[in-house]
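K.L.:
no sequence on this one, just coordinates:
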């Protein structure tokens, strides 16, 4: 049986390569990614573990704008290390005048301590920066004999 080690990369198509590259440089940059690759109208960012790629859509693809609710991509969530990282990301998003879906807030329906910000890329693709604290494991007390 094949076993998945992890997700190596995600590639999304964009309507305006230059505009989207600028957007992702800022947003991914504040989350520790660096643009490591650029081939023609494709670019890839890495944080040492995950690759995130964009590539310009072809002429036919540009005729059909993204619409939430269609089959396919719904949103991509970046898991952040600390709750404060969500707020730091939000500050960068505001400075870049990124279209917000929901500002940072707790989402108890997703679990205790789930904290996230939702926003849109230049083509309207929904992205999320989130923090979810690890579950605390109760230790069994040792009895002294």
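P.N.:
That came through, no problem. All figures in this text were calculated on a predicted structure; none of them were measured in a lab.
K.L.:
Contacts only, for residue 78.
P.N.:
31, 127-130 (C-beta atoms under 8 Å, 6 or more residues apart in numbering). In short, each C-beta sits where N, CA and C put it, glycine included.
K.L.:
Downstream of the helix or strand hosting it, the next helix or strand is which one?
P.N.:
With secondary structure defined by DSSP states H and E, residue 78 is part of strand 75-79. Per DSSP H and E, the first helix or strand lying C-terminal to strand 75-79 is helix 83-95.
K.L.:
Are there helices or strands packed against that following helix, and which ones?
P.N.:
helix 17-29, strand 100-106, strand 115-120, strand 126-131 (3 or more C-beta pairs under 8 Å, 6 or more residues apart in numbering; DSSP states H and E).
K.L.:
Quick one, which of those gets closest to residue 70.
P.N.:
The closest of the helices and strands packed on helix 83-95 to residue 70 is strand 126-131. By C-beta to C-beta, the value is 12.1 Å.
K.L.:
Poorly predicted segments of this structure, please.
P.N.:
136-145 (pLDDT under 70).
K.L.:
separation between the residue minimising distance to the centre of the chain and residue 18?
P.N.:
The C-alpha lying nearest the average C-alpha coordinate of the chain belongs to residue 78 (C-alpha atoms, centre = their mean; 3.7 Å). According to C-beta to C-beta, to the nearest Å, residue 78 and residue 18 sit 23 Å apart.
K.L.:
now residue 108
P.N.:
40 Å.
K.L.:
next one: residue 62
P.N.:
Distance, residue 62 to residue 18, using C-beta to C-beta: 14 Å.
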